[in-house]
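Student: dropping the sequence and predicted coords here.
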Amino acid sequence: MSERQSTPPAEGAGERSHFIRDLIAADLAGGKHRTVITRFPPEPNGYLHIGHAKSICLNFGLAEEFGGRCHLRFDDTNPLKEEQEYIDAIKRDVRWLGFDWGEHEYYASDYFEQLYRWAEELIQKGLAYVCDCTPEEVRARRGTLTEPGSPCLHRNRPVEENLDLFRRMRAGEFPNGARVLRARIDMAHGNLNMRDPVMYRILHAPHPHAGSAWCIYPTYDWAHGQSDSIEGITHSICTLEFEAHRPLYDWFLDALGIYHPRQIEFARLNLTYTVMSKRRLLELVQEGMVRGWDDPRMPTISGLRRRGFTPEAIRAFAERIGVAKRDSVVDIQLLEHCLREDLNVRAPRRFAVLRPVKLILDNYPPGQVEHFEVPNNPENPAAGSRRLAFSRELWIEAEDVRASPLPKYWRLFPGNEVRLRSAYLVTCTGVVKDASGAVVEVHATFDPASRGGSAPDGRRVKSTIHWLSAADAVPAEVRLYDHLFTQPDPDDVPEGQSWRAVLNPNSEEVLTGCRVEPGLVGSPTGAFFQFERLGYFVVDPDSTPARPVFNRSVTLKDAWAKVAGRGESG
Ligand code: ATP
Ligand code: MG
């Protein structure tokens, strides 16, 4: 039927089939469309979050898969809440995720003139009218799910009067809120969206994209379907809450006699331990509960980026969760799992000591320095190795030392032998404690015959720990993160309490006295590493050569931490 048939998704390409993919494939196979045009339509009233990422991956991903294209369209109908900063951030985040809209960057506000002409057309057809009711009156007459609404006096205004008033609304003759333009549909309709919805409101305010050209603005419902139609969108993919708006979009398109995209709804992404509403995210930022939109604890794309999430991990997550028709909550651990899977393969291994304690090898010659080759990824020899200096005084993790033995604890305590990774076997001879009883210095002897870290006689050493040469290591700041909320569902609070009550007060821990390998100094923002035994870390934009700053993206799993009931590291 078509000359230029779009390509169906490759079998076994890693993508699981889902109902949207199937619908599109059927539309192409049946000749309904020759190509696929989708769009991602954000309102620029905040930063994008991981839920948007799902929509972006879906819209751009399907277009790519079927050889079509995806538009980036700003649904910018509310100038009071929209800003250029958000437009810029949205473009940056979509690009960072790995998608390209080419020249197809659109703004609903570029269609304002066309929308205005269509509104006049509906007035002329007797399908729209100017209403002078106050918002309270409109609401009161709207009815409920069980009661029909009732028409107001203005509903039967003559066409000429409606046209005149609407033109004067545009000309700026009336103050904000004085009148609205409404569609004339059915005040008794079973679907409340069909009870003469508002199409235009008066708002004397400049617009971030359209400037000061307008003082009346279309509602989202009046703008959205027509914008899709203008752009020739074949599949208008949106979240479930728009299902009840679909009859309205259809009514507008039919009344105007213009092209109908096919609207397909899917369930929003919800994640445990976080919030996804833009309004709440804005509150978190404005009230200083986080350090900004890109705070590493935020579920925003910019926050996830700063936290160390990669576009690859986020795309894999989006593919993994699939699309469904029913709302559900995805465990945030799945998102973290996708990051671990990606970084496990790609992240170079490094040594870092987060809570340093001095280890002194009493039988190691003072002043002597050796160098050891340490593999960049023990599971992947192709990743090569690096040279680390070794000396008599080392830094090790406080977690790796105990003053006395503990059940199932195989690391350093007096009398026990451990391996210093890639260096030597050492046996703890004693610890020095401060007044509070905390270990501040550890003494040990090394076995010169174990150079490289293997026992000459094959004796078993149960634990391997990492280290840094004290003379060589560089001070660094490391920021550890936990969930933003203390419980999976932040809305699950006793009556009268708000989600703010379950904000996690310990979601960020800043460690300033850390030590890292000297080779890490000067790593660019966004560079990621596995700090052996501690997790995956990323260079924060606050980092300077004089003071490197790393964020922990995710921990590694640790069996001992589980046994000990500890949250982390070890
Ligand atoms: P609001 O409309 O309340 O400002 P929104 O989150 O719907 O917030 P939009 O800018 O309208 O923000 O969203 C752009 C696109 O992203 C829409 O197509 C929307 O359906 C989709 N989207 C938003 N949130 C999610 C989510 N949690 N999961 C999947 N898609 C989402
Ligand atoms: Mg929306």
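Tutor: Received it, and whenever you're ready, just let me know what you need. Numbers count the residues shown, from 1 in each chain. Ligands and ions are numbered 1, 2, ... in the order given.
Student: how about the residues of the protein near ligand 1?
Tutor: Residues of the chain lying close to ligand 1 (Cβ under 6 Å from any ligand atom) are 41-43, 45, 51-52, 54-55, 238-239, 268-269, 276, 278. Bear in mind the C-beta positions are built from the backbone N, C-alpha and C, glycine included.
Student: tell me which entries of these lie within helices.
Tutor: Among the residues of the chain next to ligand 1, DSSP state H puts Gly51, His52, Lys54, Ser55, Lys278 in helices.
Student: tell me the one of those nearest Ile258?
Tutor: Nearest to Ile258 among those, counting by Cβ to Cβ, is Ser55 at 24.7 Å.
Student: so that closest one sits right up against Ser236, yeah?
Tutor: No. At 11.9 Å, Ser55 and Ser236 do not qualify as touching, with contact defined as Cβ atoms under 8 Å.
Student: more neighbours: which of the two?
Tutor: Taking neighbours as other Cβ atoms under 10 Å, Ser55 and Ser236 compare with Ser236 leading, 25 against 22.
Student: and Leu419, that one's in a strand?
Tutor: Quick fix: residue 419 is Arg, not Leu. Yes. Under DSSP: H, G, I helix; E, B strand; the rest coil, Arg419 falls within a strand.
Student: ok, the nearest residue to it once chain neighbours are set aside to Ile396 distance?
Tutor: Nearest residue to Arg419 in three dimensions, chain neighbours excluded: Thr464, at 4.2 Å (Cβ to Cβ, 6 or more residues apart in numbering). Counting by Cβ to Cβ, to the nearest Å, the gap from Thr464 to Ile396 is 12 Å.
Student: and the two? Which one has more around it.
Tutor: Neighbour comparison, Thr464 and Ile396: the larger count goes to Ile396, with 25 against 16 (by other Cβ under 10 Å).
Student: where does the stretch 1-150 of the chain get nearest to ligand 1, which residue?
Tutor: Per Cβ to the nearest ligand atom, Gly51 is where the stretch 1-150 of the chain lies closest to ligand 1, at 2.2 Å.
Student: any figure for the gap between that residue and Asp331?
Tutor: If you go by Cβ to Cβ, the gap between Gly51 and Asp331 works out to 15 Å.
Student: just Gly177 next, same as before
Tutor: In this view, Gly177 and Asp331 are 45 Å apart by Cβ to Cβ.
Student: quick one: contacts of the helix or strand harbouring Leu284?
Tutor: Following DSSP states H and E, the helix or strand that holds Leu284 is helix 278-286. With contacts defined as Cβ atoms under 8 Å, 6 or more residues apart in numbering, helix 278-286 is touched by 45-47, 49, 275, 289-290, 292-293, 295, 298-300, 499.
Student: stretch 174-189 too?
Tutor: 119, 122-123, 126-132, 134-135, 138, 141, 143, 148-151, 155, 165-166, 168-169, 194-204, 216, 222, 248, 251-252.
Student: do the same with stretch 423-430
Tutor: 359, 361-362, 372, 390, 401, 412-420, 442-448, 450-453, 455, 461, 467.
Student: check stretch 489-503 too.
Tutor: So stretch 489-503 is contacted by Thr272, Tyr273, Thr274, Val275, Arg280, Met289, Val329, Leu484, Phe485, Thr486, Gln487 (Cβ under 8 Å, 6+ apart).
Student: what about that stretch, start to end distance?
Tutor: 11 Å (Cα to Cα, to the nearest Å).
Student: all numbers from here: first residue = 30
Tutor: Happy to do that; since the first residue is 30 now, the last one works out to stretch 518-532.
Student: TSV for the residues of the chain next to ligand 1, including pLDDT?
Tutor: Conversion of these to TSV gives the following (pLDDT from 0 to 100):
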residue	pLDDT
Pro70	98
Pro71	98
Glu72	97
Asn74	97
Gly80	97
His81	98
Lys83	97
Ser84	98
Cys267	97
Thr268	96
Arg297	96
Leu298	96
Met305	95
Lys307	94
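Student: which members of those are classed as buried?
Tutor: Buried by 16 or more other Cβ atoms under 10 Å: Pro70, Pro71, Glu72, Asn74, Gly80, His81, Lys83, Ser84, Cys267, Leu298, Met305, Lys307, out of the residues of the chain next to ligand 1.
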